[in-house]
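> Pasting a predicted model and its sequence here:
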Amino acid sequence: QVQLVESGGGLVQAGGSLRLSCAASGRTFSGYGMGWFRQAPGKEREFVTAISWSGGMTYYADSVKGRFTISRDNAKNTVYLQMNSLKPEDTAVYYCAARFGGSVTYTNSYAYWGQGTQVTVSS
């Protein structure tokens, strides 16, 4: 089992920045690929970004490429999402998730999920 707890969400004006954190506990964190997804009201959960177990590979949705950065610190069992140049369309609940394998963009590839943290971007 892996327990994931997100933090760092909040209200920010368009153009601002936020840094989300996801703290993991339980089974060996470094063995998992990690991802961030988001879900806006009335919409399906969508892939945002992912990082390999070593941190050597990162993946981004086109909508956030160049604005968001994922990173991880395996010594601290934590994955981060730095979000810059935020837009109102980035407003959503953000979830971190852990996977062993499979496609990085598919929700079904992820076995463990956090409870989510709300990000609201005002125009």
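The structure has been received and is ready for your questions. Because the structure is predicted, anything quoted here is derived from the model rather than measured.
> who does the residue most central in space within the chain bridge with?
By CA atoms, centre = their mean, the mean C-alpha position of the chain lies nearest to Trp36, the distance being 2.3 Å. Per DSSP bridges, the residues bridged to Trp36 are Thr49, Cys96.
> Gly10 too?
Going by DSSP bridges, Gly10 forms beta bridges with Val119.
> hang on, the earlier thing: check the residue nearest to the centre of the chain and give its pLDDT.
Looking at Trp36, its pLDDT is 98.
> wait, it sits on Leu81?
Yes - using CB atoms under 8 Å, Trp36 makes contact with Leu81 at a distance of 5.0 Å. From N, CA and C alone the C-beta is placed, and that goes for glycine too.
> where do the contact lists of these two overlap?
Common contact partners of Trp36 and Leu81 (CB atoms under 8 Å, 6 or more residues apart in numbering): Leu20, Cys22, Val48, Thr49, Ile70, Tyr94, Cys96.
> Would you map the strands across this protein?
For the chain, the strands defined by DSSP state E cover 2-7, 10-13, 18-26, 33-39, 46-51, 58-60, 68-73, 78-83, 92-99, 110-113, 117-122.
> Low-confidence regions, the protein specifically.
For the chain, no stretch has pLDDT under 70.
> For Val104, which non-adjacent residue is closest in space?
Nearest-residue entry for Val104: Ala50, 4.0 Å, with adjacent residues in sequence omitted and distances by CB to CB, 6 or more residues apart in numbering.
> That neighbour and Gly16, how far apart?
Remark: distance between Ala50 and Gly16 (CB to CB, to the nearest Å) = 24 Å.
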